[in-house]
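Enquirer: Make a model of this:
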Amino acid sequence: MSGNLFGERPEAGTGGGGEWLTAHCDGGSRGNPGPAGYGAVLEDGQGRVVARLSEFLGVQTNNYAEYSGLLACLKWALQHGHKRLRLISDSELMVKQMKGQYKVASPSLRPLWEEAKQLARQLERFEMSHTLRGGNKEADRLANEAMDRGMGKRPGAGPVAANAYAKPPQSPAAAPKPPRLVLDGYVKDGVVHLLEGELPDGTFVKVVRE
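Expert: Numbering: from 1, shown residues only. You can find the predicted model right below:
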């Protein structure tokens, strides 16, 4: 029964569609827009992982990455003969747009939304639900690994701390200034004459007129 989107949930394993496939998907962007990627984990009806998907998307927005993860899950399900898909995402915007509760105003997202709707209609059953980020940990990890790969970071390397960039070398501390010495004297024909003592050559002299 093609085109049955977000209908009532039948019992798993009943009808002609076989068991349900469950997909956790996530997408992210470092900068929004910035280096972006998605990650997804797909499980069969017994909770066994059947696929892990991830891809670097170049410079894109968070929402573009979220939709890219959704499309990847839909395509994988169809290519592997699955007719029932439950998709779990921490993007409330995307879930509500797919359910028709929010409009798709972004010109860059609308083609992705239309493609996702078209692919979902090829399934016998399709459901989407929203979860908090903590319910999508592995998909989030895969999305971040995709971004790391695209940015040329080593696999498994930790995040770069905000203060990890080298600071310019500091100039050596200035030598302490010698104490100021006040002497009595007078100036005649451009020459300083002290009333007592003599000044070493090269001494800087400031004359104060009284």
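
Enquirer: Tell me how far the closest residue to Glu43 other than its chain neighbours lies from Lys103.
Expert: In space, and not counting its chain neighbours, Glu43 is closest to Thr22: 4.8 Å by C-beta to C-beta, 6 or more residues apart in numbering. Heads up, the C-betas are built off the backbone N, CA and C, glycines and all. Separation of Thr22 from Lys103 (C-beta to C-beta, to the nearest Å): 28 Å.

Enquirer: Tabulate the CA atom coordinates of the helix ranked longest in the chain in CSV.
Expert: Counting by DSSP state H, the longest helix found in the chain is helix 62-79. What follows is helix 62-79, C-alpha atoms only, in CSV (Å, rounded to 0.1, in the frame of the first residue of the first chain):
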residue,chain,number,x,y,z
ASN,A,62,22.8,21.9,10.1
ASN,A,63,19.4,21.4,8.5
TYR,A,64,20.9,20.4,5.2
ALA,A,65,23.0,17.8,7.0
GLU,A,66,19.9,16.5,8.9
TYR,A,67,17.9,16.1,5.7
SER,A,68,20.9,14.4,4.0
GLY,A,69,21.0,11.8,6.8
LEU,A,70,17.2,11.2,6.3
LEU,A,71,17.7,10.7,2.6
ALA,A,72,20.6,8.3,3.1
CYS,A,73,18.4,6.1,5.4
LEU,A,74,15.5,6.1,3.0
LYS,A,75,17.7,5.2,0.0
TRP,A,76,19.4,2.4,2.0
ALA,A,77,16.1,0.9,3.1
LEU,A,78,14.7,0.9,-0.5
GLN,A,79,17.9,-0.4,-2.0
